[in-house]
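> Sharing a model that was predicted from the sequence below.
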Amino acid sequence: MNLDNIPTIKGATHPTKRLGRGEGSGHGKTSGKGHKGQKARSGGGIRIGFEGGQMPLYRKLPRRGFNNKNFKVSYQLVNVGQLEKLEGDVVDRESLIQAGLVRDNKQGVKLLGDGEVSKAYTIKLSKVSDSAKSKIEAAGGKVEVASETPAEDKEDA
């Protein structure tokens, strides 16, 4: 038995509570919101962390410490098995974008070694895993190291 074929058990799911449908329903008139007040209004309620106008705790505490997340470098991943979708035998950032394997954004591209290589490719990427490099070279291709991102390409020119 998997999650996609669990049978529905009668009585296990409750019908939705229909609010504001008359007094006889038990959820009429104020529709379970009580009488007046901010929480009874349309769009009413207070945000998380609000302390009634008092200076909230999250503003009293200092923001301290260093977070490396701001400097994290992330890569778009392409496997060597996906290179079959390319038309030419030169694999660079532009050819991967045209084939729809990566997006045209500021992230770098890394070639990984999952899959098989059928023809000799010339790889012009900044990051290539060891397994991908060995598969490319075994198929008769070659790997050249290119710059990291398109922004660096423009700086070099």
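Now that the structure is in, tell me what you want to look at. Residues are numbered from 1 along each chain as shown.

> When you work out contacts or count neighbours from here on, use the C-alpha atoms and nothing else.
Noted.

> What distance do you get for the residue of the chain most remote from its centre to residue 2?
The C-alpha centroid of the chain is most remote from residue 24, which lies 47.3 Å away (Cα atoms, centre = their mean). From residue 24 across to residue 2, the span is 42 Å (Cα to Cα, to the nearest Å).

> most residues in a single helix of the chain, which one?
helix 130-138 (DSSP state H).

> Let me know the average pLDDT across whichever helix or strand comes after that helix.
Sequence-wise, the next helix or strand downstream of helix 130-138 (DSSP states H and E) is strand 142-145. In this model, strand 142-145 has a mean pLDDT of 90.

> How about stretch 70-78?
Mean predicted confidence for stretch 70-78 is 93.

> in that stretch, what counts as buried?
By 16 or more other Cα atoms under 10 Å, the buried positions in stretch 70-78 come out as residue 78.

> Stretch 107-122 too?
108-113, 116-117, 120-122.

> How far does the longest helix of the chain sit from its chain's centre?
29 Å (Cα atoms, centre = their mean, to the nearest Å).

> start to end distance for stretch 32-50?
23 Å.

> again but with stretch 8-28, I slipped
Taking Cα to Cα as the criterion, the two ends of stretch 8-28 lie 30 Å apart.

> which stretches of the protein form helices?
57-60, 93-99, 130-138, 150-156.

> and of these, who's closest to residue 81?
helix 130-138 (9.7 Å; Cα to Cα).

> what comes into contact with the closest one?
For helix 130-138, the external contacting residues (Cα atoms under 8 Å, 6 or more residues apart in numbering) are 79-80, 111-114, 116-117, 120-121, 142-143.

> what's the answer for stretch 103-118, then?
73-84, 93, 97, 102, 125-133, 135-136, 139, 148-151.

> Can you flag the buried ones in these?
Neighbour-count burial (16+ other Cα under 10 Å) applied to those gives 78-80, 82-83, 93, 102, 125-128, 132-133, 135-136, 148-149.
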